[in-house]
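Asker: got a predicted structure here, sequence first:
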Amino acid sequence: MVSNNILELLPSLEAKTVDPFPGILVSSGTLISPEKMGLIAQSAQTTVLTKPVKINICHRMELVWHGEFDRLFSQYAYHSWYLLPTFVPPSDRWRVFKDSAKVRFSCQECGHGWTSMKGRVIFWFHLNPTTNAGYVMFKLYGQQCQKCHNGKYEHAMWYPEEVVKVIGNVYNRVGQIFYGFVRPPLRIDRRQGKPRNQHNAELCQACKEGLCKEEWSFS
C-alpha cells in the first residue's frame, strides 16, 4: 500500500534523473513488462517506449512518480489507469495538459550543472470506455548545456515535491474531464530557488518545439 504522502517515504531524497522507466505501473500496483507495453500502445492507437532509456535512473525517484500516480489514480475505482512515457505525442483526440516545475540539469560531457524554473512536462490522457482503461502519457523536456554547447539535450533531474505537484495537477484535470470534478485546484507554485542565469530559449527543447511560452495550460 502506498503512503498517504509519498514524500514521507523519501525524506532525504534530492533531485535525481528521471525519464522513461523500465516498466509501467498500473493503478492496481502491478508492473507491466515492456512486451505488454507494446500491446497497451496498440490498444491506445499510439506509440510508447518499449525499452528503457539508458540513463542514470534513481529507483527511489521511480517510486515517487509511480507511487504518487498509483495513490491518486487508484481512486478512480471503475477504470484502470496506465502511466506511459513517450517521445512521440499521440493523436489529436487525446487531451493535453502542460505543466512546469523547478528542475536541475547536469551536463554529461563537461559536468556543468544548472537549475531551471521552466522544467517542462506534457501529459496526454485518454479514457477508453470500451475497455475501462485510461492512459496518461507524458514527455519530459530537456535543455542543452550553455557552457560546452555540445548540442545534446540533457535529461531533467526532478525534485520529489515537484513530481507530486504535477501528478496531482494532471489527476485533477482528468477528474474534471471524466469524473465531474468542479473547478479542481491547480498548483502553480515551485520549489524555491534563484537560477544564476536567465532562461535561454535557444537551449530549451520545449521552446524549440513551441511548448514553453505558457507556464501551464490544458485542452
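Answerer: The structure has been received and is ready for your questions.
Asker: can you list contacts of the longest helix along the chain?
Answerer: Identified as the longest helix of the chain according to DSSP state H is helix 160-178. Contact with helix 160-178 is made by 6-7, 10, 13, 18, 61, 64-65, 68-69, 72-73, 76, 81, 95, 97, 99, 101-103, 119, 121, 123, 125, 127, 134, 136, 181-187, 189-191, 216, 218, as judged by CB atoms under 8 Å, 6 or more residues apart in numbering. For the C-beta atoms, the positions are set from N, CA and C on the backbone; glycine is no exception.
Asker: for it, which positions count as buried?
Answerer: Under the neighbour-count criterion of 16 or more other CB atoms under 10 Å, helix 160-178 has 160-176, 178 buried.
Asker: repeat that for stretch 103-115.
Answerer: Neighbour counts using 16+ other CB under 10 Å place 103-107, 114-115 of stretch 103-115 among the buried residues.
Asker: can you get me the start-to-end distance on that stretch?
Answerer: Stretch 103-115 has an end-to-end distance of 6 Å (criterion: CA to CA, to the nearest Å).
Asker: what is the neighbour count of the spatially closest residue to Leu127 that is not a sequence neighbour?
Answerer: For Leu127, ignoring the flanking residues on the chain, the nearest one in space by CB to CB, 6 or more residues apart in numbering is Gly134 at 4.4 Å. As a burial measure, Gly134 scores 20 neighbours (other CB atoms under 10 Å).
Asker: could you say which helix or strand holds Gly134?
Answerer: Per DSSP states H and E: Gly134 is located in strand 133-140.
Asker: which residues sit against that strand?
Answerer: By CB under 8 Å, 6+ apart, the residues outside strand 133-140 that reach it are 18-19, 40, 43-44, 46, 48, 69, 73, 76, 79-87, 89-90, 94, 119-128, 155-156, 158, 170, 174, 178.
Asker: just the buried residues from these, in PyMOL please.
Answerer: Buried residues within the contacts of strand 133-140, by 16+ other CB under 10 Å, are selected in PyMOL with:
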select buried, resi 18+19+40+44+46+48+69+73+76+79+80+81+82+83+84+85+86+90+94+119+120+121+122+123+124+125+126+127+155+156+158+170+174+178
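Asker: among the contacts of strand 133-140, which ones are in strands?
Answerer: In strands, judged by DSSP state E, the following of the contacts of strand 133-140 are found: 80-85, 119-128, 158.
Asker: any idea how far Lys208 is from Trp94?
Answerer: Computed as CB to CB, to the nearest Å, the Lys208 to Trp94 distance reads 22 Å.
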